[in-house]
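Colleague: From the sequence below, what's the structure:
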Amino acid sequence: MKKLVPDPPVTDLLLLDPPNLSLIDSLSIDDCKRLTSALTLSIEHTTTVLLGTDPGDTRNAMGMNIRVLCAVINALSEHVRQGGKR
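Modeller: As a prediction, the model looks like this:
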């Protein structure tokens, strides 16, 4: 059976997983919340541009950027959770 939509080409960039991140205690909870807000806005704007971009290296790079920003947000969230337990 012939596929109507071909599979996208596999790229090394999309196969990379960003490393786990952790933060030192120097950031306050309020700093983390402000940084999370700024990163979330950046992800929203990048996603909007990504959706309007043709497949290729630029789109792959934006996708990886979103994944890295999400990893940073996860680290910030974990830092805030740990701060709440102290």
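
Colleague: Would you map the strands across the chain?
Modeller: Applying DSSP state E to the chain gives no strands.

Colleague: Number of residues surrounding residue 28?
Modeller: Counted by other C-beta atoms under 10 Å, the residues lying close to residue 28 total 12. To be clear about C-beta, it is placed using only N, CA and C from the backbone, and glycine gets the same treatment.

Colleague: Run through this protein and note the low-pLDDT ranges.
Modeller: The chain contains residues with pLDDT under 70 at 1-25, 84-86.

Colleague: So for stretch 61-69, what gets flagged as buried?
Modeller: Going by neighbour count (16 or more other C-beta atoms under 10 Å), the buried part of stretch 61-69 is 61, 62, 63, 64, 66, 68, 69.

Colleague: quick one: which of those sit in helices?
Modeller: Judged by DSSP state H, the subset of the buried residues of stretch 61-69 located in helices is 61, 62, 63, 64, 66, 68, 69.

Colleague: Need the CA coordinates for stretch 32-51. CSV is fine.
Modeller: Below are the C-alpha coordinates for stretch 32-51, written out as CSV (Å, rounded to 0.1, in the frame of the first residue of the first chain):
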residue,chain,number,x,y,z
CYS,A,32,12.1,31.3,39.1
LYS,A,33,8.4,32.3,38.5
ARG,A,34,9.5,35.4,36.4
LEU,A,35,12.0,33.3,34.4
THR,A,36,9.4,30.6,33.8
SER,A,37,6.9,33.2,32.5
ALA,A,38,9.5,34.7,30.1
LEU,A,39,10.5,31.2,28.9
THR,A,40,6.8,30.2,28.4
LEU,A,41,6.3,33.4,26.3
SER,A,42,9.4,32.5,24.2
ILE,A,43,8.1,29.0,23.6
GLU,A,44,4.7,30.4,22.5
HIS,A,45,6.3,32.8,20.0
THR,A,46,8.8,30.1,18.7
THR,A,47,5.9,27.6,18.3
THR,A,48,4.0,30.2,16.2
VAL,A,49,6.9,30.7,13.9
LEU,A,50,7.7,27.0,13.8
LEU,A,51,4.2,26.2,12.5
